[in-house]
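Participant: make a model of this:
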Amino acid sequence: MREYPLPSRSTALRRASGRSQTLAALRNPRLLRVEVFAGLVTALALIPETISFSLVAGVSPAVGLFTSFIFAMTIAIVGGRRAMVSAAAGSVALVAAPMVRDHGVDYLVATVLLAGVLQVLLAAVGVAKLMRFIPHSVMTGFVNALAILIFSAQVPHLIGVPWLVYPMTAAGLVVMIVLPRITTVIPAPLIATAILTVIAVVGAVAIPRVGDEGPVDELPAFGLPDVPMELETLRIIAPYALAIAMVGLLESLITAKIVDELTDTSSDHRREGWGQGVANFTTGLFGGMGGCAMIGQTMMNVKTCGARTRISTFVAGASLLCMMAFFAPVLAAIPMAALVAVMVMVSVATMDWHSIAPKTLRRMPIGETITMLGTVGVTVATHNLAFGVLAGVLCAMVILVRRMAGGAQVESSDTAPAVSEPGEVDTPGHRTYRIRGHLFFAASNTLEDRFDFATDPPQVTIDFSSSHLWDATTVATLDAIRARYEALGKTVTFVGLNEPSAALHARLSGGFRGPGD
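Facilitator: A predicted model of the protein is given here:
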């Protein structure tokens, strides 16, 4: 799908603060048009996924729809990432489904309220800092997996349906591919949806509509869930609330980081974290199912439609509210074929095609490719983006440890040590070992095998000038090396330790017991 760039003032808009960006857009009709149209298109893009996620969670489609507009309007005000779209999300729905099945909707609402509180607390203690431990290959896999999930979610709407669904869907795709080459004044997805809706209504075409998925005109009511206020209730909802809080924060912060890179701007991840908590708590007060950032709709809002401010997110929520409150019959009349076409184009725009190009795969280190594919595989298999990210991070950690474990090198020579202690002189029968690289558990467990204890001369020096000691395993290994030399009546000296390594060695050395002790 062709992207809709911002007008020529986008550079100045990008460099302005969040509040200044919003004010600049409000004062500039061209920028405001971009934001408003982006919000309208995003609202339409929210409908099919929100309805699908509602069914996954076991609640009415109306619950997912009003959760989405409350969440989007709230996060537009309190969130830390401008133009990011948050609403009822699939990852949260997957966690919520067992709760609804076993205990009912009221317990789900109580869970969402508690999850909101937990997200505020987690953001306050700095959980957003964990984002720096997510490699680029995992984020790429996250994006590609999401594109696959978005596309696969449309397949059920194309199976076992009237044959007219296929030409209608194809027509929507053609409009969204061709129209941007003619004009970008109005986003193509909006035009395609309008055209197909008019054709379906005027021609009385018998194809599935949004209204067929469930009622869309039920508005929320303020109130607390009808659950017992006792410890047993807390015991039931606490594990689910923690899962929703962690999954929501993880997906939201990853999405925020992706938008940071797309727009060359920064976001306040701490504020986004507690903003997600506030939004979840607010939706819970109205009986909502909870949510988090939605990368597919965010990519459409930012990458496809060119939005850059909070206005687009707020307009998306407000538009969804207006559709439910005043245009429910029109919303119900939209053919699912139109929304399927929109979401197919969203999946195409979301996929990082460069990352899977043969040229890129040949140039990329095999470990990076394995991490990316592992993230995609786990995410698609479980339909849970959080599981995929965790698997990807674990894979990256294992590969990094494996690389570092083989990076420690030991060289020996029968000369004086490269770093001599004061007053030290060269003596015959003296061997020096020079160790290079990082020494930690994976590398240190085989370090002892690198020394010739039986044939080494009486004086041995081990030079650590080009290495670093990281953990207790390494110190225990060095103690074992010293003990083996001393058992043979030989003297070993450690030199060249940097300050942190020397401090670690001094604190832990002698505190380990051997197998026969």
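
Participant: strands of this structure, start to end?
Facilitator: According to DSSP state E, the chain carries its strands in the segments 86-87, 292-293, 409-413, 430-439, 459-469, 491-495.

Participant: residues in contact with the second one?
Facilitator: Same thing as strand 292-293. The set of residues external to strand 292-293 that reach it, using C-beta atoms under 8 Å, 6 or more residues apart in numbering, is 81, 84-86, 89, 91-92, 247-249, 251-252, 255-256, 276. Backbone N, C-alpha and C define where each C-beta goes, glycine included.

Participant: could you give me the average pLDDT of stretch 261-280?
Facilitator: For stretch 261-280, mean pLDDT rounds to 90.

Participant: in that stretch, which residues are buried?
Facilitator: 263, 265, 267-280 (16 or more other C-beta atoms under 10 Å).

Participant: tell me how far stretch 28-44 lies from the chain's centre.
Facilitator: 26 Å (C-alpha atoms, centre = their mean, to the nearest Å).

Participant: which residues of the chain score low on pLDDT?
Facilitator: The chain contains residues with pLDDT under 70 at 1-19, 406-407, 415-428, 511-517.

Participant: now do the helices in the stretch 351-500 of the chain.
Facilitator: Listed in chain order, the helices found in the stretch 351-500 of the chain under DSSP state H, counting those that start in this stretch are 358-363, 366-382, 385-405, 441-444, 472-487, 499-508.

Participant: now for the fourth one, which elements pack on it?
Facilitator: Which is helix 441-444. helix 385-405, helix 472-487 (3 or more C-beta pairs under 8 Å, 6 or more residues apart in numbering; DSSP states H and E).

Participant: if you set the cut-off to 10 Å instead, what comes out?
Facilitator: Applying 3 or more C-beta pairs under 10 Å, 6 or more residues apart in numbering; DSSP states H and E, we find helix 441-444 packed against helix 385-405, strand 430-439, helix 472-487.

Participant: the last one too?
Facilitator: For helix 499-508, the packing partners by 3+ C-beta pairs under 10 Å, 6+ apart come out as strand 459-469, helix 472-487, strand 491-495.

Participant: could these go into a markdown table alongside distance to residue 151 and mean neighbour count?
Facilitator: Putting the helices and strands packed on helix 499-508 into a markdown table (distance: least, C-beta to C-beta, whole Å; neighbours: other C-beta atoms under 10 Å) gives the following:
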| stretch | distance to residue 151 | mean neighbour count |
| --- | --- | --- |
| strand 459-469 | 47 | 20 |
| helix 472-487 | 46 | 18 |
| strand 491-495 | 59 | 17 |
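
Participant: so which of the ones you listed gets nearest residue 174?
Facilitator: Residue 174 lies closest to strand 459-469 among the helices and strands packed on helix 499-508, at 60.1 Å (C-beta to C-beta).

Participant: CA atoms only: put that closest one into PDB for me.
Facilitator: C-alpha atoms of strand 459-469 as PDB (Å, rounded to 0.1, in the frame of the first residue of the first chain):
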ATOM      1  CA  GLN A 459      56.500 -20.500  37.900                       C
ATOM      2  CA  VAL A 460      53.300 -19.800  36.100                       C
ATOM      3  CA  THR A 461      51.700 -16.400  35.400                       C
ATOM      4  CA  ILE A 462      48.200 -15.900  34.100                       C
ATOM      5  CA  ASP A 463      47.700 -12.500  32.500                       C
ATOM      6  CA  PHE A 464      44.100 -11.100  32.500                       C
ATOM      7  CA  SER A 465      45.000  -7.700  30.900                       C
ATOM      8  CA  SER A 466      42.700  -8.400  27.900                       C
ATOM      9  CA  SER A 467      39.800 -10.100  29.700                       C
ATOM     10  CA  HIS A 468      37.100  -9.400  32.300                       C
ATOM     11  CA  LEU A 469      35.700 -11.600  35.100                       C
END
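
Participant: distance from the chain centre to it, please.
Facilitator: When distances are taken as C-alpha atoms, centre = their mean, strand 459-469 is centred 42 Å away from the chain's centroid.

Participant: in the sheet, which strands lie alongside it, parallel or antiparallel?
Facilitator: Counting by DSSP bridges, the strands paired with strand 459-469 are strand 430-439 (parallel), strand 491-495 (parallel).

Participant: let me have these in JSON lines, extended by distance to residue 58.
Facilitator: Output for those, formatted as JSON lines (distance: least, C-beta to C-beta, whole Å):
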{"stretch": "strand 430-439", "distance to residue 58": "50"}
{"stretch": "strand 491-495", "distance to residue 58": "63"}
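
Participant: figure out which of the helices and strands packed on helix 441-444 is closest to residue 366.
Facilitator: helix 385-405 (8.9 Å).

Participant: show me which residues of that closest one are buried.
Facilitator: Neighbour-count burial for helix 385-405, counted by 16+ other C-beta under 10 Å, picks out 385-393, 395-396, 399, 404-405.

Participant: can you check stretch 286-293 too?
Facilitator: By 16+ other C-beta under 10 Å, the buried positions in stretch 286-293 come out as 286-293.

Participant: widest-spaced pair of the residues you listed?
Facilitator: Most distant of these, by C-beta to C-beta, are 287 and 293, 21.5 Å apart.

Participant: give me every residue that touches the residue lying closest to residue 391 once chain neighbours are set aside.
Facilitator: Leaving aside its chain neighbours, residue 391 sits nearest to residue 378 (4.0 Å; criterion: C-beta to C-beta, 6 or more residues apart in numbering). Under the criterion of C-beta atoms under 10 Å, 6 or more residues apart in numbering, the neighbours of residue 378 are 141, 145, 384-385, 387-392, 394-395.

Participant: residue 81 too?
Facilitator: For residue 81, counting by C-beta under 10 Å, 6+ apart, the contacting residues are 18, 75, 252-253, 255-260, 263, 265-269, 271-272, 275, 293, 298, 302, 310, 313.

Participant: where's it relative to residue 40, distance?
Facilitator: 20 Å (C-beta to C-beta, to the nearest Å).

Participant: then residue 263?
Facilitator: From residue 263 to residue 40 the distance is 20 Å (C-beta to C-beta).

Participant: ok, now residue 224?
Facilitator: Distance of residue 224 to residue 40, given as C-beta to C-beta: 34 Å.

Participant: again, but for residue 506
Facilitator: Taken as C-beta to C-beta, the span from residue 506 to residue 40 is 66 Å.

Participant: compare these two (neighbour count), which wins?
Facilitator: Counted by other C-beta atoms under 10 Å, residue 506 and residue 40 do not tie: residue 40 has more neighbours, with 22 against 11.

Participant: pretty sure that one contacts residue 187?
Facilitator: Yes: Residue 40 is within contact range of residue 187, at 7.7 Å (criterion: C-beta atoms under 10 Å).

Participant: between the two, which contacts overlap?
Facilitator: Shared contacts of residue 40 and residue 187, defined by C-beta under 10 Å, 6+ apart, comprise 193, 305.
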